[in-house]
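# Here is a sequence with its predicted model. Questions after.
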Amino acid sequence: MEVHYLTILFSIFWCSCDAIMWSLAPNTQKCLKEELQANVLVAGEYEITEITGQRIDYIVRDSKGHILAQKDNISKGKFTFVTETYDTFEVCFISKMQPERRGVAQDVHLDIKVGIEAKNYEGIGEAAKLKPMELELKRLEDLSEAIVQDFTLMRKREEEMRDTNESTNNRVLFFSLFSMVCLLGLATWQVLYLRRYFKAKKLIE
């Protein structure tokens, strides 16, 4: 089965994602892969053009092969999952049909939202009986917290990169000094060896 991969740039905590669409050929699969942080909510909504004798399944899994969501013979629906660890996640749509049949490509419409955008604030407001203003403040509070977490993560990555650069610079410096010492030692040995050789041949005194 032919496999295609697409990389979608999801934001770590929040994004405004538009729906994407592609044509999935018979007996092939196409996967969308992205790295996400831990405890991130991901919500997807899909719609498939139905063709008699053909089916499409979807599966969501991490880099270790753990299945987070899965459904066979889909046409229209939704899926949600929450990431447990920082990992690479993929959503795959798989076309299946009998090999002796001649199939046609099916259109796949997919809308994926991550983090704040994936939350159902209408449901939260109804459950907590929040007024529209209170619900909007709740959304802004979550958005502010997500931005702060985003900046904290960026600062942590910057510190890790700085530490890596400093460690690399120190190793390069030590290697350069070691190389210079080896070259000086080799040059000294060559001079002494040639001097003894020329003395043995009585070319110098």
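In hand now; what should we look at?
# Asp142 sits in which helix or strand?
In this assignment (DSSP states H and E), Asp142 forms part of helix 132-200.
# what helices or strands is that helix leaning on?
helix 121-128 (3 or more CB pairs under 8 Å, 6 or more residues apart in numbering; DSSP states H and E). (Glycine included, C-beta is placed from N, CA and C.)
# Identify all contacting residues around the helix it packs on.
Residues from elsewhere that reach helix 121-128 (CB atoms under 8 Å, 6 or more residues apart in numbering): Leu130, Pro132, Glu134, Leu135, Lys138, Arg139.
# Select only the buried ones of those in PyMOL?
In PyMOL syntax, the buried subset of the contacts of helix 121-128 is picked out as below (16 or more other CB atoms under 10 Å):
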select buried, resi 135+138
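# Export the contacts of helix 121-128 as CSV, with columns for distance to Thr188 and pLDDT.
Output for those, formatted as CSV (distance: CB to CB, whole Å; pLDDT from 0 to 100):
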residue, distance to Thr188, pLDDT
Leu130, 82, 73
Pro132, 84, 79
Glu134, 81, 78
Leu135, 80, 74
Lys138, 75, 78
Arg139, 73, 78
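# from the contacts of helix 121-128, which is closest to Thr28?
Using CB to CB, Arg139 is the member of those that lies nearest Thr28, at 39.4 Å.
# mind checking the SS state of the most centrally placed residue in the chain?
In the chain, the residue lying closest to the centroid (CA atoms, centre = their mean) is Glu35, at 2.1 Å. With DSSP: H, G, I helix; E, B strand; the rest coil as the basis, Glu35 sits in strand.
# out of everything not next to it in sequence, what's closest to it?
Excluding its sequence neighbours, the residue lying closest to Glu35 (CB to CB, 6 or more residues apart in numbering) is Thr88, at 5.1 Å.
# same deal with Thr80?
Ala43 (4.7 Å).
# Bridged to that neighbour, which residues?
Thr80, Lys113 (DSSP bridges).
# pretty sure it is in contact with Lys113, am I right?
Yes: the pair Ala43 / Lys113 is scored as a contact, 5.0 Å apart, by CB atoms under 8 Å.
# Please report phi then psi for Ser23.
Dihedral pair for Ser23: phi -100, psi 130, per degrees, to the nearest 10.
# Quick one: neighbours of it, just the number.
A total of 11 residues lie near Ser23 under the criterion other CB atoms under 10 Å.
# likewise Leu137?
Count around Leu137 with other CB under 10 Å applied: 12.
# buried sites along stretch 109-118?
Going by neighbour count (16+ other CB under 10 Å), the buried part of stretch 109-118 is Leu110, Ile112, Lys113, Val114, Gly115, Ile116, Glu117, Ala118.
# hmm, I was thinking of stretch 54-74
Of the residues in stretch 54-74, those buried (16+ other CB under 10 Å) are Gln54, Arg55, Ile56, Tyr58, Ile59, Val60, Arg61, Asp62, Leu68, Ile74.
# any chance of these in TSV, plus distance to Pro26?
Shown next, in TSV, are the buried residues of stretch 54-74 (distance: CB to CB, whole Å):
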residue	distance to Pro26
Gln54	6
Arg55	10
Ile56	10
Tyr58	16
Ile59	18
Val60	22
Arg61	23
Asp62	28
Leu68	26
Ile74	16
